[in-house]
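> Attaching a predicted model along with its sequence, questions to come.
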Amino acid sequence: MKYIIFGLGNFGSSLGQKLTEQGNEVIGIDRSMEKVDDLKEKISHTICMDSTDQFTVSGLPLKETDVVIVAIGEDQGANIMTTAVLKNLKVKRLISRAITPLHETVLEAIGVDEIVHPEEETAERWAKKLCIKGVVDSFELSGQYSIVEVEVPKRYIGQTLQEASFNKKYNLVVLTTLKQTNKTNLLGNNSRDLQVKGVASPKTVLEENDIMVIFGDNHDIKKLLN
């Protein structure tokens with residue numbers, strides 16, 4: 001897949017390197033030439049650019065890019081301006097970093113697809129979330145095993161866990177399931193809320209829009225989702 005990351009601080013640079021290591025094409029952008037030079041051997045491509053300039057940003061291969069991430073953290077104004085520019089240029093999927101609750105509210109008003117909180121979430125978790133289709137969130141126990149939140153594949157909707165038989169088919173354990181609901185903020189925008197449905201049992205029914213929390217080998221998780 002193709003990614004563009006604006007802002008090569010600790011989070012942006014770590015995410016860019018991990019996505020590159022996993023075989024993706026990544027363009028890392030920062031206004032600091034020093035950061036761009038430091039990362040040119042670690043990220044597919046690095047560019048020094050003012051991301052608040054719509055004319056300059058429009059010259060990037062945005063239409064061919066699957067995900068655009070605004071990882072700018074120190075300058076909230078630049079973060080918001082860059083996000084607004086990218087939203088105006090209609091990128092396929094826009095993820096932006098929020099620093100404060102007010103900042104998050106502004107990003108929601110702009111209409112970003114997802115918001116990331118690097119102070120709470122690691123680049124490693126986001127790299128997995130972006131690279132494996134269907135992963136909502138993850139917690140890596142080691143380089144091989146993870147606990148991940150995944151969307152229930154459509155082919156299993158309506159089945160019980162006993163019928164789905166994830167343990168036999170994929171060697172995966174379903175720990176619990178979560179119910180997704182929408183809540184509305186003060187600006188009238190919808191955001192996702194998750195409610196735990198309890199410890200999973202063989203009789204647990206997988207419903208549409210449910211999230212499964214599963215444990216297993218990373219390769220087996222990919223087999224299930226791909």
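Looks like it came in fine.

> Determine the longest strand present in this structure.
The single longest strand within the chain, with elements called by DSSP state E, is strand 173-184.

> is it true that residue 12 touches residue 4?
No: counting by C-beta atoms under 8 Å, residue 12 sits too far from residue 4 to count as a contact (10.7 Å). Yep, even glycine has a C-beta here, placed from its N, CA and C like the rest.

> Give the residues shared as contacts by the two.
Common contacts of residue 12 and residue 4, defined by C-beta atoms under 8 Å, 6 or more residues apart in numbering, comprise residue 69.

> and the longest strand of the chain, how far out from the chain's middle?
Relative to the chain's own centre, strand 173-184 is displaced by 17 Å; criterion: C-alpha atoms, centre = their mean, to the nearest Å.

> Could you do stretch 148-160 as well?
Worked out by C-alpha atoms, centre = their mean, stretch 148-160 lies 19 Å from the chain centre.

> pLDDT (mean, whole number) over stretch 27-37?
The predicted model assigns stretch 27-37 a mean pLDDT of 95.

> Mind listing what's buried along that stretch?
Along stretch 27-37, these residues count as buried under the neighbour rule (16 or more other C-beta atoms under 10 Å): 27, 28, 29, 30, 31, 35, 36.

> residues in contact with the longest strand of the chain?
147, 149, 152, 161, 166-167, 190-200, 204, 206-207, 209-216.

> Of those, which qualify as buried by neighbour count?
Buried by 16+ other C-beta under 10 Å: 147, 149, 152, 161, 166, 200, 204, 206, 210-214, 216, out of these.
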